[in-house]
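Q: heads up, no residue letters with this:
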């Protein structure tokens, strides 16, 4: 795909009720008004699950190790200038000062050391405002190497190397762009929002790039993961959001799948019309359920009826396989 940095284009005329925000911090995006594709995925499980995770009394959630690696990769690739201020290799973090080292530091500062002072006392003298706290997210030496390895693989790839080249003009501005549509102009009767990893301008329209870390980026494995994790809903939601905002129906969505393990294989998958159509069906189903739940304040869970539990298709097909011996 031939692409160019869209920010060099003439001023874009946005759709009514639509807004685009560049360089918006992630925390501000999360606090901004609007329902996201992540919320819609949760609604498909049940409105009760949405309420528990996104409602007013939602409890904080904690990312898994794989999610932390994925977040770190996004920062390294999309916000290279900010990465060092967000993550660090904890194996390189200086160790705490020993008692002799604390005393030496206090003597250098000409601070009197009380007789019989313990380590905690020495630290209180040296750090009267409290010990310095590193608020960055720490990664193990191995995970830090994984993030660097994946970044290198993306930037040396024949295709993604052009997309994720930090030397391009306005590179950072085209990354992590936030989109908003107000309630009056939303097709779902409620405000929506989305945050795309990267947006490219093509000769025909727009290209949304989405980074996905995975254990296996091969077609069969990634297809199963995409379906199980609702990537079809995400792709449809973002494609429609960008098309609606820029008033341009020609929008393509490409997953940039990259393996966490060496050699950090990269595979590119464009969302097909079938994939997007199925995803849009799920978007509309989830949006309708969420709107109804919000209007009625009824957040139901799973069905209370007894359901028949059968076998999945893969198990049935396996049963029909002839014996090997």
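A: Nice, thanks for sending it over. Worth saying up front: this structure is predicted, and the values here are computed from it rather than measured.
Q: those strands in the stretch 51-200 of the chain, which residues are they?
A: Taking DSSP state E, counting those that start in this stretch as the criterion, the stretch 51-200 of the chain carries its strands at 87-89, 137-139, 175-181, 192-202.
Q: Burial check on residue 63, number of neighbours?
A: 11 (other C-beta atoms under 10 Å). Any C-beta I mention is one placed from the backbone N, CA and C, and that applies to glycine too.
Q: And the pLDDT for the residue positioned nearest the centre of the chain?
A: Centroid check for the chain by C-alpha atoms, centre = their mean gives residue 71 as the closest residue, at 6.1 Å. According to the prediction, residue 71 has pLDDT 97.
Q: got the contact list for it?
A: 63, 137 (C-beta atoms under 8 Å, 6 or more residues apart in numbering).
Q: Same list (the strands of the stretch 51-200 of the chain) but as JSON lines, adding mean pLDDT, distance to residue 222 and mean neighbour count.
A: Formatted as JSON lines, the strands of the stretch 51-200 of the chain follow (pLDDT from 0 to 100; distance: least, C-beta to C-beta, whole Å; neighbours: other C-beta atoms under 10 Å):
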{"stretch": "strand 87-89", "mean pLDDT": "96", "distance to residue 222": "26", "mean neighbour count": "18"}
{"stretch": "strand 137-139", "mean pLDDT": "95", "distance to residue 222": "25", "mean neighbour count": "16"}
{"stretch": "strand 175-181", "mean pLDDT": "97", "distance to residue 222": "23", "mean neighbour count": "22"}
{"stretch": "strand 192-202", "mean pLDDT": "96", "distance to residue 222": "17", "mean neighbour count": "21"}
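Q: Columns distance to residue 274 on top of the ones you listed, output as a markdown table?
A: Output for the strands of the stretch 51-200 of the chain, formatted as a markdown table (distance: least, C-beta to C-beta, whole Å):
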| stretch | distance to residue 274 |
| --- | --- |
| strand 87-89 | 38 |
| strand 137-139 | 38 |
| strand 175-181 | 24 |
| strand 192-202 | 21 |
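Q: so residue 227 is in which element?
A: helix 219-228 (DSSP states H and E).
Q: Would you mind pulling up the elements that that helix packs against?
A: Under the contact criterion of 3 or more C-beta pairs under 8 Å, 6 or more residues apart in numbering; DSSP states H and E, helix 219-228 touches strand 206-214, strand 251-259, strand 266-270.
Q: most packed of these?
A: Highest mean neighbour count of these: strand 251-259, a mean of 23 (counted as mean count of other C-beta atoms under 10 Å).
Q: With residue 166 as the reference, measure out to residue 172.
A: 8 Å (C-beta to C-beta, to the nearest Å).
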